[in-house]
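S.K.: Only the shape, not the letters, is given here:
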Ligand SMILES: Nc1ncnc2c1ncn2[C@@H]1O[C@H](COP(=O)(O)OP(=O)(O)O)[C@@H](O)[C@H]1O
Ligand SMILES: [Mg+2]
């Protein structure tokens, strides 16, 4: 059974009189536990597809089934509850709060969960420890390298124990070696917790680390 299944999905952007079709009739099913790379050049539709699978954006036409729920029938409040409970995101630019320390950035992801401050702190520290970063728990993002910041962002994603982590070009702002380390850490988390990962990239070394590669070109899936 699929964790996320999209059927005949198209996404059009309308800019004044110009219409751009970012996705054309895309079908894709991703099973729970997959470690999947979405590969394609800039402008091919990777971000659009991740946003639709992550229930941030809705398709113009087509259906999105997430964890057996037809998302078209959900209100925006229900969609944000679904995301909060089941999906985490990792971004190219890390998107950490600059005024918060590493451990505070991770804890923040647990803010809506019913936990005591002490429980939040312990979970956040454990997630940082998994990323090999406990010694930097008190550092702010600007006191860390890009690779360290991305490890904090992954700790923040995994600490919520989501079903799915979507990472949009998570290694694009890192040197190749650091990028490969980041993908290896994501894979370790996939293996350990069975969390499903879908990450976009155009780096072949990163693509090579995936269990499955979906190639997208001009808004169409060319191999899956
Ligand atoms: N908000 C938007 N408004 C108009 N066009 C957009 C918007 N977002 C993306 N596009 C267009 O949709 C296509 C796919 O973009 P995107 O999904 O960002 O691709 P990728 O992530 O692979 O670079 C591109 O032609 C892009 O210019
Ligand atoms: Mg993109």
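M.R.: Alright, I've got the coordinates. Since this is a predicted model, take the numbers as computed values, not measurements. Ligands and ions are numbered 1, 2, ... in the order given.
S.K.: And for residue 196, the neighbour number?
M.R.: Residue 196 is flanked by 21 other residues according to other C-beta atoms under 10 Å. C-beta: built from backbone N, CA, C; applies to glycine.
S.K.: Tell me the confidence at the residue lying closest to it once chain neighbours are set aside?
M.R.: Nearest in space to residue 196, with sequence neighbours left out and distances taken as C-beta to C-beta, 6 or more residues apart in numbering, is residue 164 at 4.8 Å. Residue 164 carries a pLDDT value of 98.
S.K.: do you know how far residue 164 is from residue 202?
M.R.: Taking C-beta to C-beta, to the nearest Å as the measure, residue 164 falls 22 Å from residue 202.
S.K.: Between those two, which is the more surrounded one?
M.R.: Between residue 164 and residue 202, counted using other C-beta under 10 Å, the more crowded position is residue 164 (24 against 17).
S.K.: if we can go back for a sec, now do the same contact list for the residue nearest to residue 196.
M.R.: 3, 4, 53, 54, 86, 87, 88, 195, 196, 197, 198 (C-beta atoms under 8 Å, 6 or more residues apart in numbering).
S.K.: Among those residues, which lie within strands?
M.R.: Using DSSP state E, the subset of the contacts of residue 164 located in strands is 3, 4, 87, 88, 196, 197, 198.
S.K.: which residue packs closest to the first one, ignoring adjacent ones?
M.R.: Taking C-beta to C-beta, 6+ apart, and ignoring the residues beside it in sequence, residue 3 has residue 32 as its nearest neighbour in space, at 4.4 Å.
S.K.: closest point of this protein to ligand 2, which residue?
M.R.: Proximity of the chain to ligand 2 (C-beta to the ion) peaks at residue 47, 3.2 Å away.
S.K.: Work out for me the element that residue sits within.
M.R.: helix 46-53 (DSSP states H and E).
S.K.: what about that helix, near ligand 1?
M.R.: Yes - residues of helix 46-53 contacting ligand 1 under C-beta under 6 Å from any ligand atom: 46, 47, 48.
S.K.: Please convert those to CSV, extending it with neighbour count and pLDDT.
M.R.: Formatted as CSV, these follow (neighbours: other C-beta atoms under 10 Å; pLDDT from 0 to 100):
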residue, neighbour count, pLDDT
46, 22, 98
47, 19, 98
48, 22, 98
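S.K.: I'd like those residues as JSON lines, with distance to residue 25 appended.
M.R.: Converted to JSON lines, the residues of helix 46-53 next to ligand 1 look like this (distance: C-beta to C-beta, whole Å):
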{"residue": "46", "distance to residue 25": "17"}
{"residue": "47", "distance to residue 25": "18"}
{"residue": "48", "distance to residue 25": "13"}
